[in-house]
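Novice: sequence and predicted structure are below.
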Amino acid sequence: MLAFIQIVDGLMCIKPAKFIAACFEGVKWPRRFWWMMPPVKFAAATGLIAGIWIPYLGALTCAALIAYFLVAISMHVAHRDFGRNLYLNALGMLVICTATGVFCFLV
């Protein structure tokens, strides 16, 4: 499921959906770097899917996504971007990534 979320997120980042653009702008992520997000999301999806056959790769990818969203949360806090961008987008995805890591690789 997390791989599917990453694919959809990557597709929505190609021409950022309004709420994604608001997220990037909220943390003052420079527009010149927005193009990097779809490849990052698709690479994460690939790592998670490959993790079905190579479990350590899936675990590493899941850990990288957790780190990614911890950084995203810290950026939202640093830029005082409280609200939907922080709580629903970044924190929500951190919960999903952490739950995936726990239930797929630790339990």
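Specialist: Cool, got the structure. Computed from a predicted model, the values in this text were never measured in an experiment.

Novice: now the worst-scoring helix or strand of the chain on mean pLDDT, how far from the centre of its chain.
Specialist: When the helices and strands of the chain are compared on mean pLDDT, DSSP states H and E, helix 84 comes out lowest with a mean of 86. Using CA atoms, centre = their mean, to the nearest Å, we find the averaged C-alpha position of helix 84 to lie 15 Å away from the chain's own average C-alpha position.

Novice: can you list contacts of that helix?
Specialist: Outside of helix 84, the residues within contact range by CB atoms under 8 Å, 6 or more residues apart in numbering are Phe19. Bear in mind the C-beta positions are built from the backbone N, C-alpha and C, glycine included.

Novice: please begin residue numbering at 31 from this point
Specialist: Sure, I'll start counting at 31 from here, so that last one is helix 114.

Novice: next helix or strand past that helix?
Specialist: Elements were assigned by DSSP states H and E; along the chain past helix 114, the next helix or strand is helix 122-131.

Novice: now that following helix: average pLDDT?
Specialist: The average of the pLDDT scores along helix 122-131 is 97.

Novice: can you check stretch 75-92 too?
Specialist: Looking at stretch 75-92 alone, the average pLDDT works out to 97.

Novice: assign Phe112 to helix, strand or coil.
Specialist: coil (DSSP: H, G, I helix; E, B strand; the rest coil).

Novice: where does the closest residue to it other than its chain neighbours sit: helix, strand or coil?
Specialist: Nearest-residue entry for Phe112: His106, 7.2 Å, with adjacent residues in sequence omitted and distances by CB to CB, 6 or more residues apart in numbering. Remark: His106 carries the secondary structure label helix [criterion: three-state DSSP].

Novice: pLDDT value on Leu118, please?
Specialist: The predicted structure scores Leu118 at 88 on the pLDDT scale.
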